[in-house]
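> quick one: sequence plus predicted model below, questions after.
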Amino acid sequence: MMIQEKYTGRYQNLKVAEALSNNHLYPFACNELSSIIDLGFSRFPKDLKAFIFRDCLSAFRLLPDMNTSAAVSAANLLVKSVESAFPKQKKNLAVVEFKQAKVALKRRSKSHEEHIDMPSLPQDILVHIFSFLDVSSLLSSSQVSRSWNQATCEGSIWRSLFDLHFNHKVFIHIHSGIDWREAFKNEYILSNSSKMLRSGRGYCSYCDSIVWHDNLRCPKKQCRLKSGKKPLDLMLIHQVVNYLLGTTSSSDESDSEDEAAVRGLWAYPTLQ
Amino acid sequence: MSESDMAIIKPDMMKSYIWLETSDGSIQQVEQEVAMFCPMICHQVLQKGAGSSKNSAISLPHKVNPPMLSLIFDYCRFHQLPGRSNKERKVYDEKFMRMDTKRLCELTSAADSLQLKPLVDLTSRALARIIEGKSPEEIREIFHLPDDLTEEEKLEPLKNTMDDPRIRLLNRLYAKKRKELKERAKLKSIEVEERVDERSVDDLLSFINGRDHKGVNTSKSKKKNKKRKEHKNGTCKVFNKDSHNLHSKQRSVEETSSSSLGRVSNLHSMEDDIFSKKAEFEDGYIDDEIDPALKEMLDREVEEFARRLNSSWVLSVGQERQPVHFSINGNGDTRRLTAIDD
């Protein structure tokens, strides 16, 4: 059926599989897969189900290489979705793959050698390194140690982050004593940024596609040249799923800010 | 080849070398064009005429040890050749960066002290990629850094702690929790425990429903919390002593009566209500003498609350989601999927 083929085509446009092998995008891709499975698996045509199954297996096989707690959380979430939606045989295959991955992870963490003598990096180098980080990694870094925390206070980092995230839509009065970190934090909270950044997805109007954004820009070079300083329109996970399913639900339930907490306690109805 | 031919060839083969001394005292010579690629060395040669002989060897900064120096010169040797394409350079760089984190740090420091900016950028980016997406604990492990921030400092990653109303609330909560647990200990001895259990589920439900009509807002502003707090001043004191029990009771009630309450109240607004009630009481710290076991439990609980409290800023910036979730099967039952423990 023509309508069924659309699903598969759109899924391939989303390029979930590519993202799985990317260290940075792996958790985003797993979360997206989870949502896709949760919200529509039963309705998908056979070939799309096969693609999704294949990508889940990939996800689990790649887990040992990722080896971060964010990756493990994302994989855990994915296996839950698999367990509740997949038919028995496929489910068992996937879960076996997942368990093998966990074993491999355990083995890796055990064989961790002990370097005791690590050179300490000077503050200005730390600042330079941090200038390449995204917000969540920067905040993680600020909690690592005292010296790292101090380096993350550097105004220039927050100024360029502010520029990157908000310059196109916020007019800010710049005075000499401005605390860029505070300015960023305030705007970040106001604009609900954490929710918007959760999916790792943006819509690029230049190539008219949903992409995995690279620091809020389209990964394609031509699009970046055309767009200049303007960042992509960020997307929520449910919007991505809507694209795939061809639905237009506003679905405030699935993207409330406390979604994670809510989902933990409340049963939620599947979309009709 | 005749001797005259050799005489012509020789000048081309004669290279000039720069003499360098590393921190351990060893002296070596490097081809001029390679060494001059480093601004710091270049500066020394041109401005001070150093490095032309063994005696006038340029002494390098102490962060540049021999292995790092040889790495750096490999890099320089490749890149100083103008004939290489951008793609070649990129491929070389990617391969060059494959080393363990410790060497990467050393290399970054060394390159920085020689002012070799392109290499500093390269190594910095590589280090940033390593840091990306990792939790603080994971980063500490990789870089062997000490965990020398206090819990409070970690929870508020941005400096001004006292200005944040949430941190103030947290401090109050700390104090309140201590007092509450102390009172509970007292209560136990008087045996006025478990009043909450005597209430029926219906009573609790109607209480929750009654609160929720006022509590259902999208905004969690403190003003609204305060209004509700003042309004319910009478009732809240009754519950304060066993609010801990009530809280867990509420949760189990919530789980079983999901349909009647709908999506209305979520965990956060419940907690905000409880927190704001506690905010009525004294500000600041209460220096109680508490049994250390109790204190530990307290600390753990407060940490948990604090994490939730702070989650809208710090933790929600991360990508983690709850590993436990519910789903409804065909006939509307809720089925709890067990979490797989790492």
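Yep, that arrived.

> separation between the closest residue to residue A:48 other than its chain neighbours and residue A:162?
Using Cβ to Cβ, 6 or more residues apart in numbering or on different chains and skipping the chain neighbours, the partner closest in space to residue A:48 is residue A:8 (4.5 Å). The C-beta positions use only the backbone N, C-alpha and C, and glycine is treated the same way. Here the criterion is Cβ to Cβ, to the nearest Å. By it, residue A:8 lies 41 Å from residue A:162.

> please tell me how far the residue nearest to residue A:48 sits from chain B.
In this view, residue A:8 and chain B are 25 Å apart by Cβ to the nearest Cβ, to the nearest Å.

> show me the contacts for that residue.
Residue A:8 is in contact with A:45, A:47, A:48, A:51, counting by Cβ atoms under 8 Å, 6 or more residues apart in numbering or on different chains.

> what is the neighbour count of the second one?
Residue A:47: 13 surrounding residues under other Cβ atoms under 10 Å in any protein chain shown.

> related to what we said a few turns ago, closest one of the contacts of residue A:8 to residue A:20?
Nearest to residue A:20 among the contacts of residue A:8 is residue A:51, at 12.4 Å by Cβ to Cβ.

> and the pLDDT for the closest one?
As predicted, residue A:51 sits at a pLDDT of 93.

> next, it: phi, psi?
Residue A:51 adopts backbone torsions of phi -60, psi -40, taken as degrees, to the nearest 10.

> ok, then the element right after the longest helix seen in chain A?
Ranked by residue count and defined by DSSP state H, the top helix of chain A is helix A:88-110. Per DSSP states H and E, the first helix or strand lying C-terminal to helix A:88-110 is helix A:123-130.

> what's in contact with that next one?
A:121, A:138, A:141, A:147-148, A:150-152, A:154, A:156-157, B:108-109, B:112, B:120-121, B:124, B:127-128, B:131.

> the following helix or strand past that helix vs helix A:123-130, what angle?
Counting by DSSP H and E, the next helix or strand C-terminal to helix A:123-130 is helix A:135-142. Note on geometry: by axes from the mean of the first three to the mean of the last three Cα atoms, to 10 degrees, helix A:135-142 and helix A:123-130 are set 150 degrees apart in direction.

> other SSEs contacting helix A:135-142?
Counting contacts by 3 or more Cβ pairs under 8 Å, 6 or more residues apart in numbering or on different chains; DSSP states H and E, helix A:135-142 packs against helix A:146-152, helix A:155-166, helix A:193-197, helix B:117-131, helix B:136-143.

> could you list the low-pLDDT ranges of the stretch 101-250 of chain B?
B:155-172, B:190-250 (pLDDT under 70).

> as a quick check, tell me the outermost residue of chain A.
Taking Cα atoms, centre = their mean as the measure, the residue most remote from the mean C-alpha position of chain A is residue A:176, 35.5 Å away.

> could you give the backbone dihedrals for that residue?
phi -70, psi -30.

> stretch B:117-125 near chain A at all?
Yes - using Cβ under 8 Å from any Cβ of the partner chain, stretch B:117-125 comes into contact with chain A via B:120, B:121, B:124, B:125.
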